[in-house]
Structures are given as C-alpha cells and as structure tokens.
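Undergrad: what follows is a predicted structure for the sequence shown.
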Amino acid sequence: MGLEDDTPEFSAIFSDADSSDSAIAYQIQVSPTNDFSSLVWDSTQTTINPALSNGSRSADISYAGSSLNAYQTYYW
C-alpha cells in the first residue's frame, strides 16, 4: 500500500502514573530508519498550550517535513 496522505497528522494521549502531572511540550521525529540515524522531520520541542492533563488527547500536529516517498517505511 502506498502513501495516501503526504501531510499526515499526529496526536497523542497523555498518560502518566502520577495523575497530577501534565504534559507541557512534545517533540516528534520522523525517520526512514528505526534507529533514527537519519531524520526527515524533527518538530523540535514545542510547547503545548494549554497543557494536557492525564488522559487528554493532544490537538492534531501536522507533519511539516520534506516530501514523503509513497513506498518508504517511516518511524516516529
């Protein structure tokens, strides 16, 4: 199956054993190698505003890297 969306979106559900913790930042890296030795995108550490409470899902984060190849496996 080939790539159908060349600008995928990411999200995450914040889960922490300490229910009083909150998520204040995220960083997404996308790589064609499972050891992440070569990156096609690094969001860098980005502040989440407002912070996510335990069990909350983040807003969608749009991929903003170079064009993705349709038949390439990517890791994130």
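TA: Arrived safely, thanks for sending. Numbering: from 1, shown residues only.
Undergrad: skipping its backbone neighbours, what lies nearest the residue positioned nearest the centre of the chain in space?
TA: A centroid search over the chain (CA atoms, centre = their mean) returns residue 28, at 3.8 Å, as the residue closest to the centre. Nearest residue to residue 28, sequence neighbours excluded (CB to CB, 6 or more residues apart in numbering): residue 43, at 4.4 Å. From N, CA and C alone the C-beta is placed, and that goes for glycine too.
Undergrad: follow-up on the earlier one: pretty sure the residue nearest to the centre of the chain contacts residue 60?
TA: No - Residue 28 is beyond contact range of residue 60, at 11.6 Å (criterion: CB atoms under 8 Å).
Undergrad: common neighbours of those two, please.
TA: Counting by CB atoms under 8 Å, 6 or more residues apart in numbering, the shared contacts of residue 28 and residue 60 are residue 10.
Undergrad: so what's the gap between stretch 33-43 and the chain middle?
TA: Centroid displacement of stretch 33-43 relative to its chain, using CA atoms, centre = their mean, to the nearest Å, is 12 Å.
Undergrad: let's have the chain start at 45 instead
TA: Sounds good: first residue 45 from here, last item stretch 77-87.
Undergrad: for it, how far is the first residue from the last?
TA: 17 Å (CA to CA, to the nearest Å).
Undergrad: is the nearest residue to residue 104 once chain neighbours are set aside in a bridge, and if so with what?
TA: Closest residue in space to residue 104, ignoring its immediate chain neighbours: residue 53 at 4.1 Å, by CB to CB, 6+ apart. Assessed by DSSP bridges, residue 53 has beta-bridge partners residue 106.
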